[in-house]
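Colleague: Give me coordinates for this.
(one chain, ligands or ions: 1)
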Amino acid sequence: MGYIDQILEAVKAINSGEGEFLQAVGEVLESLRPVIEGNEALYKKEAILEQLVEPDRLVSFKVPWVDDSGNVQVNRGYRAQFNNAIGPYKGGLRFRENVTASIIKFLGFEQIFKNALTGLPIGGGKGGSDFDPKGKSDREVMAFCKSFMMELYRHIGADIDVPAGDIGVGAREIGYLYGAYKRLTHESVGILTGKGLSYGGSLTRKEATGYGLLYFTQVMLLANGHQMAGKSAVISGSGNVAIYAAEKAMSLGAVVIAMSDSGGYIHDPSGIDLDAVKEIKEVRRGRLYEYLETHPKAVYATGKSIWHVPCDIALPCATQNELDLEDAKTLVLNGVLAVAEGANMPTTMEAVHFLQSQGVLYAPGKASNAGGVAVSALEMSQNSQRLSWSFEEVDQRLSGIMAGIFKKAEAAAIKYGQPGDYLLGANIAAFERVVEAMLAQGV
Ligand code: NDP
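Modeller: Numbering: from 1, shown residues only. The predicted structure follows:
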């Protein structure tokens with residue numbers, strides 16, 4: 001049995017039941033075959049894969065808090081510090097009821113490669129809790145965040161591990177977490193990113209993942225002889241990533257015709273009114289069906305995948321495994337040109353293989369959604385310098401970083417004989433950078 005297969009077996013044996021983590025490891029290792037098989041003796045001797053698939057540490061902790069009825073609630077918190085070969089651990093916090101160690105480990109593992117692709121000095125980590133802020137009062141969210149930080153603060157630091165937001169963790173949650181950290185440590189440092197602009201946040205951070213996704217998609221389209229202008233786009237989700245993906249898609253001339261939340265999707269063939277979506281989601285924290293109150297001609301659909309809406313460009317920006325093989329077949333039947341991931345691992349492996357086999361341009365999330373963490377790293381730089389850069393300056397750097405990531409993925413895919421396979425290219429380019437740092441630092 002070859003080295004990769006040995007490791008896949010071993011990872012399965014000691015992480016049984018962790019479906020998402022095994023899926024992420026399987027996808028990455030499979031695509032690394034050409035580079036690993038070319039250097040197998042060295043990587044095996046140094047146990048590079050064994051080291052990569054095991055987090056440096058996984059902290060799991062109790063988070064007790066009191067709800068508005070005076071009842072004590074108990075949730076579970078996590079922080080996976082996966083690999084810091086190229087810099088402090090960096091990666092978001094996810095608050096959602098389905099969060100498990102498997103989900104945190106899959107996200108932390110992916111984050112190693114994503115962060116390496118940015119070219120910035122950040123290692124991979126991820127955290128979160130099975131607490132869902134949806135439907136909770138501000139006071140309840142604050143109580144939870146304060147209790148969560150009572151434990152997390154022991155494990156993080158501006159040069160150790162710098163968390164950010166993810167699903168369920170936006171500006172409000174980051175604010176409460178930051179306030180708690182400061183009271184616990186007496187330190188006013190860049191310990192979290194995605195902070196509010198009045199206390200150390202970076203301009204463009206809110207927009208970064210969505211904008212970055214569109215910068216990447218645009219470069220990918222151009223490299224393959226297509227334009228963004230005039231294309232129809234379907235975007236799943238209506239959270240931070242989806243909203244700013246829609247904003248940038250529109251400004252680049254695409255028409256966004258559908259968006260979703262976990263209840264269903266809205267289809268507005270003349271183009272989604274993004275101000276209305278922002279009002280519902282960012283201001284009122286409401287549900288997407290409310291869009292129909294002001295846009296009666298739009299359709300709201302439930303119980304059916306958003307990928308049934310015909311489009312040129314599909315941008316999954318909600319959650320993992322939200323686009324499966326059936327969805328991929330439907331998209332192809334409807335003539336999709338590109339699928340670019342804003343979310344982490346939204347497309348199942350079978351769906352990815354099918355899309356690629358049909359000549360659909362496919363942008364893997366670890367490359368195309370790296371804009372968020374890239375601007376987070378720029379926020380860390382600004383905090384260290386005690387400076388704030390302008391929106392234009394950060395946006396320009398973001399656009400340059402995304403174009404750079406595309407070039408790295410494209411070049412590695414060509415070098416390993418698979419031109420146009422940006423998944424293989426992204427994984428290999430990232431792996432080479434991380435491994436070089438790991439080898440240099442020794443066991
Ligand atoms: P948000 O919490 O802001 O938004 C998530 C959106 O996805 C919501 O509209 C939510 O609907 C929807 N959603 C969640 N689960 C499901 C589901 N099972 N089915 C359908 N819709 C669902 O999160 P973000 O926008 O920050 O994150 C979205 C994705 O992007 C995640 O995969 C995240 O890991 C990834 N990502 C985020 C980055 C960031 O900077 N924020 C950076 C890189 C990647 P509802 O309101 O009903 O819950």
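Colleague: how close does residue 398 get to residue 58?
Modeller: 31 Å (CB to CB, to the nearest Å). Any C-beta I mention is one placed from the backbone N, CA and C, and that applies to glycine too.
Colleague: Between those two, which is the more surrounded one?
Modeller: Shown here are residue 398 and residue 58; by other CB atoms under 10 Å, residue 398 has more neighbours (24 against 16).
Colleague: hang on, isn't that one packed against residue 208?
Modeller: Yes - with contacts counted by CB atoms under 8 Å, residue 398 reaches residue 208, the gap being 5.8 Å.
Colleague: what residues are shared contacts of those two?
Modeller: Among the neighbours of residue 398, those also in contact with residue 208 (CB atoms under 8 Å, 6 or more residues apart in numbering) are 371, 374, 375.
Colleague: Enumerate the residues of the chain near the ligand.
Modeller: Taking CB under 6 Å from any ligand atom, the part of the chain that reaches the ligand is made up of 134, 165-168, 170, 209, 237-242, 260-263, 317-319, 322, 342-344, 369, 372.
Colleague: Sitting in helices, which of those do you find?
Modeller: Within the residues of the chain next to the ligand, residues falling in helices by DSSP state H are 209, 240, 241, 242, 372.
Colleague: Which residue ranges of the stretch 101-250 of the chain form strands?
Modeller: Secondary structure of the stretch 101-250 of the chain (DSSP state E, counting those that start in this stretch): strands at 123-129, 161-164, 232-236.
Colleague: Show me which residues of the first one are buried.
Modeller: Same thing as strand 123-129. For strand 123-129, burial by neighbour count (16 or more other CB atoms under 10 Å) applies to 123, 124, 125, 126, 127, 128, 129.
Colleague: distance between stretch 61-80 and the chain's centre?
Modeller: Mean-position distance between stretch 61-80 and its chain equals 25 Å (CA atoms, centre = their mean, to the nearest Å).
Colleague: Enumerate every residue touching residue 394.
Modeller: 202, 203, 204, 205, 208, 375, 378.
Colleague: go on, residue 297?
Modeller: Residue 297 touches 268, 270, counting by CB under 8 Å, 6+ apart.
Colleague: Please apply the same query to residue 89.
Modeller: 56, 81, 82, 83, 122, 123, 124, 125, 160, 161, 162.
Colleague: And these, which of them are buried?
Modeller: 56, 81, 82, 83, 122, 123, 124, 125, 161, 162.
Colleague: what's the pLDDT at the residue of the stretch 101-250 of the chain found nearest the ligand?
Modeller: Closest residue of the stretch 101-250 of the chain to the ligand, CB to the nearest ligand atom: residue 239 (1.7 Å). Listed pLDDT for residue 239 reads 97.
Colleague: from what I can see it touches residue 281, true?
Modeller: Yes - Residue 239 lies in contact with residue 281 (CB under 8 Å); the separation is 7.0 Å.
Colleague: shared neighbours, the two?
Modeller: Common neighbours of residue 239 and residue 281 (CB under 8 Å, 6+ apart) are residue 261.
Colleague: what's the distance between residue 380 and the ligand?
Modeller: Distance of residue 380 to the ligand, given as CB to the nearest ligand atom, to the nearest Å: 14 Å.
Colleague: Output the contacting helices and strands for the helix or strand containing that residue.
Modeller: Under the criterion of DSSP states H and E, residue 380 resides in helix 371-385. Contacts defined by 3 or more CB pairs under 8 Å, 6 or more residues apart in numbering; DSSP states H and E place helix 371-385 against strand 89-95, helix 101-117, strand 161-164, helix 205-223, helix 391-415.
Colleague: Please pull out the lowest mean pLDDT helix or strand from the protein.
Modeller: helix 33-38 (a mean of 94; mean pLDDT, DSSP states H and E).
Colleague: Identify each buried residue in that one, please.
Modeller: 33, 35, 36.
Colleague: So for residue 52, which of the helices and strands packed on helix 371-385 sits nearest?
Modeller: Of all the helices and strands packed on helix 371-385, helix 101-117 sits nearest to residue 52, with 7.3 Å by CB to CB.
Colleague: chain center to that closest one: distance?
Modeller: 9 Å.
Colleague: Looks like residue 227 contacts residue 219 (just checking).
Modeller: No - contact criterion CB under 8 Å: residue 227 and residue 219 do not qualify, at 11.9 Å.
Colleague: Give me the more crowded residue out of these two.
Modeller: Taking neighbours as other CB under 10 Å, residue 227 and residue 219 compare with residue 219 leading, 21 against 12.
Colleague: Excluding residues flanking it in the chain, which one is nearest that one?
Modeller: residue 406 (4.6 Å; CB to CB, 6 or more residues apart in numbering).
Colleague: and if you look at residue 443?
Modeller: residue 46 (7.4 Å).
Colleague: And for residue 240?
Modeller: residue 170 (6.1 Å).
Colleague: How about the contacts made by that neighbour?
Modeller: Counting by CB under 8 Å, 6+ apart, residue 170 has contacts 194, 239, 240.
Colleague: Perfect, I'm done here.
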